[in-house]
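Student: return atomic coordinates for the entry below.
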Amino acid sequence: MTGFFSKLKAALSKTSSKIGSGIEHLFIKKKLDDSALEELEDLLLFADIGTSVSSSIITSLRKHKFDKEVTSEEIKNDLSGIIEEILSQQDHSFKLEDGKLNIVLVCGVNGNGKTTTIGKMAANSFAQGKKVAIAACDTFRAAAVEQIEKWAQRSGAILYKGESKADPASVAHMAVTESLSNGTDILFIDTAGRLHNHKNLMEELVKIIRVIKKIDEDAPHHSLLVIDGTTGQNAAIQVEQFKLITNISGLVITKLDGTAKAGAVVGIVKRFALPVHFIGFGESIDDLKQFSPKDFSRALVGLEMNQ
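Tutor: Just a heads-up that it's a prediction; the model follows:
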């Protein structure tokens, strides 16, 4: 088992203890009948996978294994395979173009780990030999600028910031213009943490996008929404609302080590057809990793990687 998979399995242990342990108690050499399927669906719902996806998983299991004698390991493997298939409908890789400035807009509700995620992504990109910059567009909170400034120093990124209370769109404009002139590979735009129902802040986000599109009509090349993994299915509301403002291209799920609701990832990917580019499960700069449907599915139900 790799070190990464060990970390992932430990991070998802609160969720997998619900699903995996439940399956072990439920399936001790018994037939997969209606009663067993009903109990299994309850386990999926408790893990916040969501009603429609849980129902489709149960339908798939019924089709292939109904009235057959099964073990807990068989059910775990089947369940993992079905979840992996659902998640694999999306290409979760995070692709950047060589030889041009890649503008990555990062947004999300306050407290979801957005700024920390940018710092970790910047550090990963810098370690790969990229020239990296960050635009500090959360200009109304001094603490936010200080936080992103520390991450820029840790990650080796250039930081663009304005005066206190500066117009966030003007900071974004400056950052894009200067990044284009100095050959930067990746510019991360850190926006103010906002609730989806904060109209003025959502309008501010619209303005940032409008301003950078005047420089590059294809910008932003990625619009990432950072979601707190402990939010569970309620994160779907955030995805819905942010998609109305910006063309969200992918998700980053943070704080998976603190939740028993990691199954919500499956439902959100299925419902919105959005990839999960990265998952975070710790405070270390190395605790943000690219999402793997296979690894996630196996860890979710408590399986080892090599089974």
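
Student: all strands for the stretch 151-300 of the chain, in order.
Tutor: For the stretch 151-300 of the chain, strands defined by DSSP state E, counting those that start in this stretch occupy the ranges 158-160, 186-191, 222-228, 250-254, 276-280, 288-290.

Student: need these in TSV with mean pLDDT, mean neighbour count and distance to residue 208, can you?
Tutor: All C-beta spots, glycine's among them, are computed from the backbone N, C-alpha and C. Converted to TSV, those look like this (pLDDT from 0 to 100; neighbours: other C-beta atoms under 10 Å; distance: least, C-beta to C-beta, whole Å):
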stretch	mean pLDDT	mean neighbour count	distance to residue 208
strand 158-160	98	20	13
strand 186-191	96	28	6
strand 222-228	96	24	11
strand 250-254	96	26	18
strand 276-280	96	23	20
strand 288-290	92	18	23
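
Student: okay, the ones you listed in TSV with distance to residue 236 next?
Tutor: As requested, the strands of the stretch 151-300 of the chain are arranged in TSV below (distance: least, C-beta to C-beta, whole Å):
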stretch	distance to residue 236
strand 158-160	33
strand 186-191	21
strand 222-228	9
strand 250-254	11
strand 276-280	14
strand 288-290	22
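
Student: to residue 39, which of those strands lies closest?
Tutor: Shortest distance between residue 39 and the strands of the stretch 151-300 of the chain, using C-beta to C-beta, is found for strand 250-254: 27.5 Å.

Student: ok and that closest one relative to strand 222-228, angle-wise?
Tutor: Orientation check (axes from the mean of the first three to the mean of the last three C-alpha atoms, to 10 degrees): strand 250-254 against strand 222-228 gives 30 degrees.

Student: adjacent strands (with direction) for strand 250-254?
Tutor: strand 222-228 (parallel), strand 276-280 (parallel) (DSSP bridges).

Student: now these as CSV including distance to residue 292?
Tutor: Shown next, in CSV, are these (distance: least, C-beta to C-beta, whole Å):
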stretch, distance to residue 292
strand 222-228, 18
strand 276-280, 9
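
Student: and the spatially closest residue to residue 243 that is not a sequence neighbour, how far from residue 50?
Tutor: Sequence neighbours aside, residue 272 is the residue nearest to residue 243 in space, at 7.3 Å (criterion: C-beta to C-beta, 6 or more residues apart in numbering). Relative to residue 50, residue 272 is positioned 12 Å away (C-beta to C-beta, to the nearest Å).
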